[in-house]
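Next come a sequence and a model predicted from it.
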Amino acid sequence: MRHKNLSKLFLFLAVVAALSGRLLIAFFNTAPSEAAQPAAPKYVFIFLADGAGVTHMEITRLFNQHVHKEGLVISDKIMKEGFVGLLTTHAANSLVTDSSAGATALACGCKAKNGAVGMCEDGKMPKTVMEIAKEQNMRVGLVTNSTVYDATPAAFAGHVTNRNLYSAILEQYLSLEPNLLLGGGGDQFLPRSHPGSRRRDDSDVIATFKNKGYAYVSDRQGLSESKGGKVLGLFSLKDMSFELDRDKDKQPSLSEMTRAAIRLLQEGNDRGFIVLIENENIDSAAHMLDAASVIQAYREFDRSVGLAYEFYKKHPADTLILVTSDHETGGMGFTGYPPFESLKKIASIRISLSKAVELLGPKPSAEAVDQLVAEHFKGFVLAPEFKEAIIKRKPHGPTFRSNPTAAGLSAMISAHTQLHWISSAHTNQPVFVAALGAGAERFRGYQDNTDFAKQLIALLERKK
Ligand SMILES: [Zn+2]
């Protein structure tokens, strides 16, 4: 009996062991696939430096180091602690993209023709990353120092056949209802009768937003005091000012808008957020062949990334920071072995070339040109051929469609610093993507710009 009982006991133990073994195997089988679930970021920052190539970043990094004894957050923190990738930039119908096709690739994951916003080459309109985030009940923010209806923020929000259909783009915003819409472009919100309006009808779009529950702010102080789940901030009629020219009491900087965005999107929100923060001034300055404005704009862009990095340090497991660009503008670069002093010469420039064009007007006199150079470009000498080109309105230099005043002054800066341009238009260079935080590893390596959206959408939808 005893022997029989013992065998029963052994049999029982053997069954238990086999079962628990199965359980253990089952446990180990499920554990790796659970571990392979993508890290789902709760807070997503997309920083987009419009028109910035690797060189724009590198020149700013050297500028910070040699002129200000400062680092650059993008290279020193985001790239060093995270991952770096390269993205293609070409459009569906051209080797060179414009901002709308570039942003469509980054926001919707398909190649578009230049000019199309959120619309693929085949006419399809896949949801944008912002629309998908909204479905996940995340808060959505769009921040730019361009007009809010410009191609880049527009392609993240909705779908229109052409980037110039501003009223249709505002309709897309009213239907998406982002929690935050900050930037310039008040001219398309004001009724036709209002000074500064560029609308063709009497619609008061600010009033329409207010009726949808938006708080409206129009200056730096208003933004810092703003509250609520939905805020519309319009800080200029057209594009916001270059950092060099900005009225610092009235217009918020990009980093001040970023600070406000983090506060407004996070307050009382347990579902997370996604925010696009664009610095358009880098592209606009590069179109004007304006090295000083490119660098000052990029420095401000980097300060904004720094605020997201501080946020990431507090929420490292839940935050994803992406820093990228839609294309490169200008083919800007030093050449001919210049000394580091060139950076200090650029640091001495006090106004943007865009402001110089405005100050000199369409028919500048020789005296007015001399006075402007003496006042705002100390240490620079305008060579006679560049001065003549400005006064006689002759196109010259690597210009595609730049203004003769900007081209002449830019040629003067190039002659003194050896910083040159190959064009005043976009180029086909690939752009970098720097990624830090939850899911950042997906963005490393060489990818198509449409993969940027695909990777981000997979993360937002918690797919592999
Ligand atoms: Zn551009």
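Yes, it's here. Fair warning: this is a prediction, and the values are worked out from it, not measured in the lab.

Give me the buried positions along the top strand by length along the chain.
Criterion DSSP state E: the longest strand present in the chain is strand 139-147. Within strand 139-147, the residues scored as buried using 16 or more other Cβ atoms under 10 Å are R139, V140, G141, L142, V143, T144, N145, S146, T147. Yep, even glycine has a C-beta here, placed from its N, CA and C like the rest.

Name all residues that make contact with the last one.
Same thing as T147. T147 makes contact with G183, G184, G185, D187, Q188, K238, D239, according to Cβ atoms under 8 Å, 6 or more residues apart in numbering.

just curious, which of the residues you listed is nearest to E441?
G183 (31.6 Å; Cβ to Cβ).

centroid residue for the protein?
L48 (1.7 Å; Cα atoms, centre = their mean).

Which strand residues bridge V160?
Residues in a beta bridge with V160, per DSSP bridges, are V117.

What strand or helix carries the residue nearest to the centre of the chain?
strand 43-49 (DSSP states H and E).

pretty sure T104 is touching M125, no?
No - with contact defined as Cβ atoms under 8 Å, T104 does not count as touching M125 (9.7 Å).

any chance you could map the strands in the stretch 201-350 of the chain?
Taking DSSP state E, counting those that start in this stretch, the strands of the stretch 201-350 of the chain run over residues 215-217, 231-234, 273-279, 319-324, 328-329, 333-334.

distance between the helix or strand that contains I59 and the chain's centre?
Assigned by DSSP H and E, I59 falls within helix 54-63. Here the centre of helix 54-63 is set off from its chain's centre by 16 Å, with Cα atoms, centre = their mean, to the nearest Å.

Identify the residues contacting L86.
P430, V431, F432, V433, G445, Y446, Q447.

Export the strands of the stretch 201-350 of the chain to CSV and append columns for mean pLDDT, distance to V381 and mean neighbour count.
Listed next are the strands of the stretch 201-350 of the chain as CSV, based on pLDDT from 0 to 100; distance: least, Cβ to Cβ, whole Å; neighbours: other Cβ atoms under 10 Å:
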stretch, mean pLDDT, distance to V381, mean neighbour count
strand 215-217, 98, 45, 18
strand 231-234, 98, 41, 25
strand 273-279, 98, 32, 27
strand 319-324, 98, 38, 26
strand 328-329, 98, 27, 28
strand 333-334, 98, 20, 17
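
Need these in CSV (columns: distance to A285).
Putting the strands of the stretch 201-350 of the chain into CSV (distance: least, Cβ to Cβ, whole Å) gives the following:
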stretch, distance to A285
strand 215-217, 26
strand 231-234, 22
strand 273-279, 10
strand 319-324, 18
strand 328-329, 9
strand 333-334, 15
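
Which among those is found nearest to S352?
Using Cβ to Cβ, the nearest of those to S352 is strand 273-279, at 13.9 Å.

from the chain's centre, how far out does that closest one sit?
7 Å.

okay, the contacts of T147 in CSV with neighbour count, pLDDT and distance to R163 next?
Listed next are the contacts of T147 as CSV, based on neighbours: other Cβ atoms under 10 Å; pLDDT from 0 to 100; distance: Cβ to Cβ, whole Å:
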residue, neighbour count, pLDDT, distance to R163
G183, 26, 98, 15
G184, 23, 98, 16
G185, 25, 98, 13
D187, 18, 97, 16
Q188, 20, 97, 13
K238, 14, 96, 15
D239, 18, 96, 14
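
Closest one to N281 out of the residues you listed, please.
D239 (7.6 Å).

Check the gap between the closest one and V84 for me.
30 Å (Cβ to Cβ, to the nearest Å).

Likewise for D202?
In terms of Cβ to Cβ, D202 sits 50 Å off from V84.

who has more neighbours, the two?
Neighbour totals were compared for D202 and V84, and V84 leads with 18 against 10 (other Cβ atoms under 10 Å).
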